[in-house]
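**Student:** coordinates only, sequence not included:
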DNA sequence: AACTACTCCTGGAGGC
DNA sequence: TGCCTCCAGGAGTAGT
């Protein structure tokens, strides 16, 4: 579930608590979590210089000229706790709850810092992957993904979105937007929200949107991501949005009323993904 | 090259 | 209560 806004929010929170800290120990009980090329122990003794993000990857830069490249995939979670067990920063998948006693049975790695604080890497589905590599190899690692522009950057314009969709013009809009080469960092939740906001049906062919619809979609993606990053990420638990929040507007709300027109929201399966639409607002 | 379906995993929900 | 099936979903990969 962690998409761009979740990873970005987590990056910002952790930046305030781990930058300047030196790693004194690292342990992992799940061998497949760290996929190389270097061993996790290579990080010990290094001080965190900064945390970066590209698409859904979080990248830690160390004074030792090494980098830790993380992908939380569906259910990865990071919790940073001080030496008395209080949360300093937490984010990613909300299960288990961020105040759960740690380590949890799904905690697969623990990083200890020079102030006694610890970072717990927890992932109930074991899909997350961590890579330790020389810092100068990070660009080479990222290059083959050919990520599209970051949605909040100046590089993300109507023209770049048009090119991205044109590349997948025979595909439906939803899978075309999930494709990280089109726009970096969108996932299932924020694609649903963006399409609803733009009034576009997820099954529309990506190559069939008009200039005006393209503008709407561009604006919608921008505002949905910006809102999530600045005002709080989507809270989806067990595939359902909380009735107490107005965001996300449609994702996880099958059977609820469309906030715009009142039509009952439907759930579809598009490209193997649970997809929420308003049959009135989102024109096929 | 473009696209689809399956795979990796576990826990929670719902049916009976 | 308990067993079973389904579902959640990012992205890599095998197959068409």
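**Tutor:** Received the coordinates, thanks. These figures come from a predicted structure and were not determined experimentally. Numbering: from 1, shown residues only, chains lettered A, B, ... in the order given.

**Student:** Skip the chain neighbours and tell me the closest residue to residue A:185.
**Tutor:** Excluding its sequence neighbours, the residue lying closest to residue A:185 (CB to CB, 6 or more residues apart in numbering) is residue A:4, at 2.9 Å. C-betas here are computed from N, CA, C, even on glycine.

**Student:** Residue A:192 too?
**Tutor:** residue A:251 (4.3 Å).

**Student:** Please enumerate the helices of the stretch 101-250 of chain A.
**Tutor:** Secondary structure of the stretch 101-250 of chain A by DSSP state H, counting those that start in this stretch: the helices cover A:138-142, A:158-167, A:173-178, A:188-198, A:211-231.

**Student:** now these as JSON lines including mean neighbour count and mean pLDDT?
**Tutor:** Below are those laid out as JSON lines (neighbours: other CB atoms under 10 Å; pLDDT from 0 to 100):
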{"stretch": "helix A:138-142", "mean neighbour count": "14", "mean pLDDT": "93"}
{"stretch": "helix A:158-167", "mean neighbour count": "16", "mean pLDDT": "93"}
{"stretch": "helix A:173-178", "mean neighbour count": "24", "mean pLDDT": "94"}
{"stretch": "helix A:188-198", "mean neighbour count": "25", "mean pLDDT": "94"}
{"stretch": "helix A:211-231", "mean neighbour count": "17", "mean pLDDT": "94"}
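
**Student:** Nearest to residue A:11 among the ones you listed would be which one?
**Tutor:** Residue A:11 sits nearest to helix A:211-231 of all the helices of the stretch 101-250 of chain A, at 10.2 Å, using CB to CB.

**Student:** and that closest one, anywhere near DNA strand C?
**Tutor:** No. Applying CB under 7 Å from any atom of the strand, one finds helix A:211-231 out of contact with DNA strand C, separated by at least 13.1 Å.

**Student:** ok, now stretch A:114-125?
**Tutor:** Yes. Using CB under 7 Å from any atom of the strand, stretch A:114-125 reaches DNA strand C at residue A:125.

**Student:** In that stretch, which residues are buried?
**Tutor:** Counting neighbours by 16 or more other CB atoms under 10 Å, one finds that the buried residues in stretch A:114-125 are A:117, A:118, A:119, A:120, A:121, A:122, A:123, A:124.

**Student:** So which of those reach DNA strand B?
**Tutor:** Contacts with DNA strand B within these, counted by CB under 7 Å from any atom of the strand: residue A:124.

**Student:** So which of the buried residues of stretch A:114-125 belong to strands?
**Tutor:** Secondary-structure check on the buried residues of stretch A:114-125 using DSSP state E: residues within strands are A:118, A:119, A:120, A:121, A:122, A:123.

**Student:** shouldn't the last one be in contact with residue A:72?
**Tutor:** Yes. Residue A:123 lies in contact with residue A:72 (CB atoms under 8 Å); the separation is 7.4 Å.

**Student:** who touches both of those two?
**Tutor:** Counting by CB atoms under 8 Å, 6 or more residues apart in numbering, the common neighbours of residue A:123 and residue A:72 are residue A:93.

**Student:** quick one: contacts for residue A:176?
**Tutor:** Contacts here follow CB under 8 Å, 6+ apart; on that basis residue A:176 touches A:164, A:165, A:168, A:182, A:206.

**Student:** wait, is residue A:25 part of a helix?
**Tutor:** No. Applying DSSP: H, G, I helix; E, B strand; the rest coil, one finds residue A:25 to be strand, outside a helix.
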